[in-house]
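Q: coordinates only, no sequence provided:
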Ligand SMILES: CC(=O)SCCNC(=O)CCNC(=O)[C@H](O)C(C)(C)COP(=O)(O)OP(=O)(O)OC[C@H]1O[C@@H](n2cnc3c(N)ncnc32)[C@H](O)[C@@H]1OP(=O)(O)O
């Protein structure tokens, strides 16, 4: 049990351990952007990188220290005074001195002895504290170390002046019982942190066990990025401590923005089912859940999506029931009789049965078919042409807008971007909408693959999702966007300015 009056702080290591995820490399600008987002969330410490890695990394760490944040900014250092010197060059507030603690790491990796390792650790801590650095000593591979030796190492570090010692489950090897046993032993000696990895999917369980046993600083990464299966995810630790134990760590409302910022910068997409920040975390498709949620929004959610800066969404698919159909139609200003709703729900399920995700546009088309309500299109795509490969990708579109033909062209970073500019030019700014999301999936293999483009466009407080499948990605994208625009504008009176708008 963790009492709610415990103070627990978050140390974020996205910029160091998170960046060690294969394929991830952050530019100095990206590190700065993420550090600012971490500061907004209120983490206590930002491990900005490993100064020993090279001049580029040192430049990036220095950019973060230059921000003069409230959060303590630190660097990873191996057990080498040279690494501490390099960290000092970046003007960090503190260092994590990583020393081996298991026999495997002491003898097999660093090639020293258990006794010499203690001596070196004490010397390094004194060296770093002499330079006015905040010092955390991390006993690398601590979960596989002999616990008596780990405690001796911690005592040596603390006696030499280290601010804290960190229990590291470096390879994500252990479980909550051993974590609790080790951390409670270390906590008798002084302040303890915990650094857990998710190789067994036990990162959060071990972090919470560490807190229960006395750790008061938890190393995390945003989105759980990190070596191999990753580190424990900041958003998961923060929400678990808040929701289950009533302990505040960071500003929870910042979590979604933080997750998106890191995902964009690293190029690592979030799994849809990821706790807290995944696309599906507050999305309901199945009929029973949707119906229950519409009756009481707490019915199928542990906490409100707004708590973590998100919104609830209803999705359509194989498991949709009448309540979900009625609510989604209402969002688009469509009313239907009970019989029509039942028929539309049956057709949505049928479409879902074919393995398709059902979009808003699908639902509205089914509804029109069932109710016999024809509607006039506000925007229709007559033609699109795009060229790429030259200096500037360009596109031209011919649209029918409110009964009148409009032709426009645009340029962009690629043919799709150019086509979007052309559409914007053709419809005018008063009828513009925001492209909220854009996904492309190859449905078939090979260079002749059919691609499915799914776009969500929003205008005021409404959004519409449309999917199109074609061999030509530009055509599919433009078709989907024009359809979404058409659906968004259909409920408005005179959304278009004159042609010369
Ligand atoms: C659990 C963790 O996350 S550990 C952090 C991992 N982070 C990194 O590796 C940071 C990025 N790494 C790098 O930029 C490079 O590996 C550098 C600059 C640190 C070192 O590069 P190189 O000199 O080419 O060494 P290389 O990468 O081949 O090997 C690592 C060296 O660090 C030593 N080392 C590893 N851990 C420690 C430690 N805790 N204390 C002292 N030395 C250590 C190894 O023994 C090895 O030294 P050796 O070549 O004398 O055997």
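A: Right, received. Where do you want to start? Fair warning: this is a prediction, and the values are worked out from it, not measured in the lab. Residues are numbered from 1 along each chain as shown.
Q: which residue is nearest the centroid of the chain?
A: Residue closest to the mean C-alpha point of the chain, counted by C-alpha atoms, centre = their mean, is residue 259 at 2.9 Å.
Q: okay but it is in contact with residue 223, surely?
A: Yes: look at residue 259 against residue 223 with C-beta atoms under 8 Å: they come within range, at 5.4 Å. No exception for glycine: its C-beta is placed from N, CA and C like everyone else's.
Q: any idea which helix or strand comes after the helix or strand bottoming out on mean pLDDT in the chain?
A: Least confident element among the helices and strands of the chain, by mean pLDDT, DSSP states H and E: strand 434-442 (a mean of 87). Later in the chain than strand 434-442, the nearest helix or strand by DSSP states H and E is strand 451-459.
Q: show me what the helix or strand following that next one is packed against.
A: Proceeding N to C from strand 451-459, the next assigned helix or strand is strand 462-470, under DSSP H and E. The contact analysis (3 or more C-beta pairs under 8 Å, 6 or more residues apart in numbering; DSSP states H and E) places strand 462-470 against helix 360-371, strand 451-459, helix 473-489.
Q: looking at these, which one is packed in the most?
A: When those are scored by mean count of other C-beta atoms under 10 Å, the highest mean neighbour count falls to helix 473-489 (a mean of 24).
Q: now residue 290: which helix or strand?
A: With DSSP H and E as criterion, residue 290 is part of helix 287-295.
Q: list the buried residues of that helix.
A: Within helix 287-295, the residues scored as buried using 16 or more other C-beta atoms under 10 Å are 287, 289, 290, 291, 292, 293.
Q: contact partners of it?
A: With C-beta atoms under 8 Å, 6 or more residues apart in numbering as the test, helix 287-295 has contacts from 284, 299-301, 312, 314, 319-324, 327, 345.
Q: if we look at the host helix or strand of residue 240, which residues are touching it?
A: Following DSSP H and E, the helix or strand that holds residue 240 is helix 234-245. Applying C-beta under 8 Å, 6+ apart, the external contacts of helix 234-245 come out as 2-4, 6, 8, 10, 12, 14, 43, 203-204, 207-208, 211, 218, 220-224, 247-250, 252, 255, 258-259, 275-277, 302-303, 307-308.
Q: just stretch 274-285 next, same as before
A: With C-beta under 8 Å, 6+ apart as the test, stretch 274-285 has contacts from 223-224, 233, 235-236, 239, 255-256, 259-260, 270-273, 290, 293, 300-301, 305, 308, 310-317, 319-320, 324.
Q: what does stretch 418-434 give?
A: With contacts defined as C-beta under 8 Å, 6+ apart, stretch 418-434 is touched by 379, 384, 386, 388, 393-397, 399, 401, 406-412, 435, 457-459, 474, 477-478, 481-482, 484-485, 488-489, 495-497, 499, 501.
Q: so which of the residues you listed reach the ligand?
A: For the ligand, no contacts are drawn from those by C-beta under 6 Å from any ligand atom.
Q: give me the pLDDT for the closest residue to residue 362 other than its chain neighbours.
A: Nearest non-adjacent residue to residue 362, counting by C-beta to C-beta, 6 or more residues apart in numbering: residue 351, 6.2 Å away. Confidence at residue 351, expressed as pLDDT, is 90.
Q: where's residue 351, which helix or strand?
A: helix 338-353.
Q: do the same with residue 64
A: helix 55-66.
Q: ok, then the element right after that helix?
A: Next in sequence after helix 55-66, counting helices and strands by DSSP H and E, comes strand 72-78.
Q: do that following strand and the ligand meet?
A: Yes: for strand 72-78 and the ligand, the contact criterion (C-beta under 6 Å from any ligand atom) is met by residue 78.
Q: output the contacting helices and strands for that strand.
A: For strand 72-78, the elements it packs on are strand 45-50, helix 55-66, helix 81-89, strand 94-100, strand 134-140, judged by 3+ C-beta pairs under 8 Å, 6+ apart.
Q: interface residues of this protein facing the ligand?
A: Proximity of the chain to the ligand, by C-beta under 6 Å from any ligand atom, involves residues 17, 20, 50, 52-53, 78-80, 98-100, 109-110, 140, 170, 227.
Q: now the two most distant members of those residues.
A: Maximum pairwise distance in the residues of the chain next to the ligand, criterion C-beta to C-beta, is 20.4 Å, between 80 and 227.
Q: the least confident helix or strand of the chain pairs with which strands, and in what direction?
A: strand 451-459 (antiparallel) (DSSP bridges).
Q: and this structure, what are its domains?
A: 9-266, 283-371, 379-491 (the TED database).
Q: tell me the angle of the helix holding residue 64 relative to strand 72-78?
A: Here helix 55-66 points in a direction 150 degrees away from that of strand 72-78 (axes from the mean of the first three to the mean of the last three C-alpha atoms, to 10 degrees).
Q: and the contacts of helix 55-66?
A: 15, 26-29, 31-32, 35, 46, 48-51, 73, 75, 86-87, 89-93.
Q: picking that back up, next one: the helix holding residue 290 to chain centre, how far?
A: 27 Å (C-alpha atoms, centre = their mean, to the nearest Å).
Q: kind regards, and thank you for your time.
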